[in-house]
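Participant: Whatever this is, show me its structure:
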Amino acid sequence: MKSLPIVLSAAIAVSATAVVAASTPSLESGREATRLLFAQEAETLAARFSPAFLEEIGGVEGVVQFLSAVAQQAGPEQEILSEEAFHEAGQTSYYRRSRFEKMPDVTTTWVIDDAGVIQAGSVRPTQAPAPSNHLDYRTKASLRLPLEAPAEGAWYVGWGGRDLIHNYHAATRDQRFAYDLYVAHDGMPYRTDGKANEDYYCFGLPILAPAGGTVASAVDGLPDNPPGTMDPENAVGNHVVIDHGNGEFSFLAHLQRGTVLPREGDRIEAGERVGLCGNSGNTSMPHLHYHLQTTARFAEGEGLPAQFNGYRANGQPVERGEPVRGEFIEP
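Facilitator: Here you go, the predicted structure:
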C-alpha cells in the first residue's frame, strides 16, 4: 500500500514504557480530532495543536496541505475497522483503523493531553506485524509471571499483544510477542515528577524466573539511565537469559545494576529471584522487558508466544493467557 506523503508527527511512536492506561479510557477526544480532520476543518484543528506540534508540521498551511493529501490519496472514510483509546499519564492515545475509498487499511492516531491539546498525531497505512511461523504456538515451559505483587499500585502491561497498536515490539521478528511491564498507582508510574529512577514504583522490585532452566547469559554492571535518556548500544541492559529447554529462551531485561544474582551455567528454578527491576539499556524509564524466543542471542532468534499460567488480569483469574496492553496483572 502506498504511503501517504505527509505524516503529522513521528512522535506518535512513544517510548517503550510511556503508556499508563485507565480502566475506562475515553474515545471522545480522539473522535473529535478525527472528525475535524476528515471534515477538512484545518483552522479549527490547528487551533487545538500544541505550539511545538503546529510548528513541526508547518503551521496552519501545513495542516491544510496534510488534509488535502489525505483526501486525495485515501478518499473518504468508508468503514471503521477498530477503535481504541488508552488514557495515559495526563494524556490519551487514540487509535482508529479505517477502510477508505482508495486505501483498505489506514490508522489514524492522536496523542491528546487532559487539557484537550493535541501533542502528536499521524495518518498512515496500517503497519503489519513481523511475519511469524509461531502464531499458533503453545508455550512448552510452564510460565509464571516473572514478578511479585507490589506494595503500592499494580503491575501494568505497557506493551503486549499481537498487533502494533497494543505492542510496538511486534514489528520485529525476535520480539514479536514481547512485553513491557511496570507498576502504576493512581494512573501514574511514578510518585513525584518522574525525574529520578527511585520515583518509579517498579524500580528495585524483585524480578523472578518465569520457569526453571539453565542460565544461558547473565550481564550486570551497566548503569541505570536517568529517566528520559537511553543506551542504544546496550539494548537489553543488565539482563538474564534462561534456557528452558525445547528451544525456549526467556529474556528478562533492563535490570538494576548490581542486582543480577545468577551466573551463566547456573540452574535456576521457577520463582527464583534473578535481579531487581531497573532502567539499564535502551529504555527511557524503569520497567521489565520480557520475551521468549528460539535462541539465547538477542535479535538472532524468532519470537515465541509466552503464555503465562495462573495469574489475574484486571482482577479476573486467568488459567492460561497472554497479557495485553492496558491490563493490570498480578500473580
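
Participant: excluding its backbone neighbours, what's nearest residue 262?
Facilitator: residue 215 (4.6 Å; CB to CB, 6 or more residues apart in numbering). For the C-beta atoms, the positions are set from N, CA and C on the backbone; glycine is no exception.

Participant: Quick check: beta-bridge partners of the residue nearest to the spatial centre of the chain?
Facilitator: In the chain, the centroid-proximal residue (CA atoms, centre = their mean) is residue 159; its distance is 2.8 Å. Counting by DSSP bridges, residue 159 is bridged to residue 180.

Participant: For the residue nearest to residue 262, give the beta-bridge partners.
Facilitator: Assigned bridge partners for residue 215, using DSSP bridges, are residue 242.

Participant: Look up how far residue 30 lies from it.
Facilitator: The gap separating residue 215 from residue 30 is 45 Å, by CB to CB, to the nearest Å.

Participant: does the residue nearest to residue 262 really touch residue 264, like I thought?
Facilitator: Yes: Residue 215 is in contact with residue 264 according to CB atoms under 8 Å; the separation is 5.6 Å.

Participant: Looking only at neighbour counts, state which of those two leads.
Facilitator: Neighbour totals were compared for residue 215 and residue 264, and residue 215 leads with 21 against 13 (other CB atoms under 10 Å).

Participant: ok, residue 133 - contacts?
Facilitator: By CB atoms under 8 Å, 6 or more residues apart in numbering, residue 133 lies in contact with residue 302.

Participant: can you pull the pLDDT of it?
Facilitator: We note a pLDDT of 97 for residue 133 in this prediction.

Participant: The one 4 residues further on now?
Facilitator: We have a pLDDT of 98 for residue 137.

Participant: again with residue 84
Facilitator: For residue 84, the model assigns a pLDDT of 93.

Participant: helix, strand or coil for it?
Facilitator: strand (DSSP: H, G, I helix; E, B strand; the rest coil).

Participant: ok, it touching residue 165?
Facilitator: Yes: with contacts counted by CB under 8 Å, residue 84 reaches residue 165, the gap being 6.3 Å.
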